[in-house]
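> predicted coordinates and the sequence they were generated for:
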Amino acid sequence: MASLIRLVGYWTSEDFQGGLAARAAVNVESRDVPGLFLLGQRGPTRPGDLARDLRVSAAAVSKLTDRLVGGGYALRRPDPDDARASLITLTEAGTAAARALYDEGERLFATLLADWPADEATTFAALLIRFTEQFELE
């Protein structure tokens, strides 16, 4: 458990997120990286769903959205299924930025596993996928 806490603490830190954004040449605040990444993975998302998935308040998502819209990375659009709701949608620039973050994360992961024997790296990746898929069952 201590190793997991150490990993989560490091990877979710603003220093790490900011460094990831800088290496990916994505000009966003470090605290916006997880939101941009999630929007890139999921597509148009209601603010409340994004708040839940990021485990932040509605006010934090509102500020995140303002920064992403202001940076040209996202738009607020009406939800076609519910006129009372809106969706946060990535622009073309936002989609490219999310992709760059993902690619940089993949490069980092490959670098961390570069000295591992191929069979161990493959087993680790499979076990990590299996482990994290259980979160979706909760």
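Looks like it came in fine.

> CA only for contacts and neighbour counts going forward, please
Fine.

> so how far is the lengthiest helix in the chain off the chain centroid?
In the chain, taking DSSP state H as the definition, the longest helix is helix 92-113. Mean-position distance between helix 92-113 and its chain equals 10 Å (Cα atoms, centre = their mean, to the nearest Å).

> mind listing residues that contact that helix?
20-21, 23-26, 33, 36-37, 39-40, 72-74, 121 (Cα atoms under 8 Å, 6 or more residues apart in numbering).

> return the helix or strand in the protein with minimum mean pLDDT.
Least confident helix or strand, the chain: helix 2-11 with a mean of 89, by mean pLDDT, DSSP states H and E.

> C-terminal to that helix, what's the next element?
Scanning forward in sequence from helix 2-11 by DSSP states H and E, the next helix or strand is helix 14-23.

> buried residues, that next one. List them.
Residues of helix 14-23 classed as buried: 14, 17-18, 20-22 (neighbour count, 16 or more other Cα atoms under 10 Å).

> from the contact counts, what lies against that helix?
Packing contacts for helix 14-23, counted by 3 or more Cα pairs under 8 Å, 6 or more residues apart in numbering; DSSP states H and E, involve helix 33-42, helix 92-113.
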